[in-house]
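Chemist: Based on what follows, work out the 3D shape:
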Amino acid sequence: MNCTIRLAEPRDAAAVGGLVDDLLQELAGLAADMERRARFVSLAEDLLQSGAYWAFLAEAPEGEAPIGVLTLNRCLAIYAGGAFGEICELYVAPERRSRTVAAQLVDAAFEFARAQGWSRLEVGAPDQPAWSATLRFYQRIGFQEVGPRLKRLA
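Modeler: Purely as a prediction, here's the structure:
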């Protein structure tokens, strides 16, 4: 599918926050929640203004609301040779999947990473094997599996 990928601005916070909310509803099986969505929109606006977080929006030629989002942040690590990017969220509306939209979003993130002088992009895949198609997608477009990502809440 031919769509337009563009770097989001703070004025796009409703689209970014809304699509990330859609992602989490799907991944975690969350029910729709207008308060959570409003928090995500507010947080998206703050993060997009921070200078350390970016989002790319996929827009269909029909001019409707954005159909996909990829968010990215800057990380630093010695093992990576300094600065690198981390894909935080990647979501494409279900009816638009398998049409290269996600790959186009990742390509835009790679172009941005190169322009920033980052050494690489990293991404965490969702729980396996339930989301094995997601892992296969990332491998198909050149990512290498390096192991699970763990978290501990503060």
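
Chemist: mind checking pLDDT for the residue of the chain positioned farthest from its centre?
Modeler: Relative to the centre of the chain, and counting by C-alpha atoms, centre = their mean, the farthest-placed residue is I78 at 23.9 Å. Note on I78: pLDDT of 96.

Chemist: same deal with L43?
Modeler: Note on L43: pLDDT of 98.

Chemist: I figured V41 hits G18, correct?
Modeler: Yes. With contact defined as C-beta atoms under 8 Å, V41 reaches G18; the gap is 6.7 Å. In this view, the C-beta of every residue, glycine as well, is placed from N, C-alpha and C.

Chemist: and the residue farthest from the centre of the chain, how far is that from S119?
Modeler: As for I78, its distance to S119 is 11 Å (criterion: C-beta to C-beta, to the nearest Å).

Chemist: where does this protein dip in pLDDT?
Modeler: 1, 126, 130 (pLDDT under 70).

Chemist: Show me where it has its strands.
Modeler: 4-7, 53-59, 68-77, 82-92, 121-123 (DSSP state E).

Chemist: ok, and which of these has the densest surroundings?
Modeler: Of all those, strand 53-59 carries the top mean neighbour count, a mean of 22, counting by mean count of other C-beta atoms under 10 Å.

Chemist: ok, and what's touching it?
Modeler: Applying C-beta atoms under 8 Å, 6 or more residues apart in numbering, the contact partners of strand 53-59 are 3-8, 12, 15-16, 19, 44, 47-48, 66-74, 88, 92, 96, 101, 104-105, 108-109, 112.

Chemist: ok, that strand: who's next to it in the sheet?
Modeler: Note on strand 53-59: by DSSP bridges, its sheet partners are strand 4-7 (antiparallel), strand 68-77 (antiparallel).
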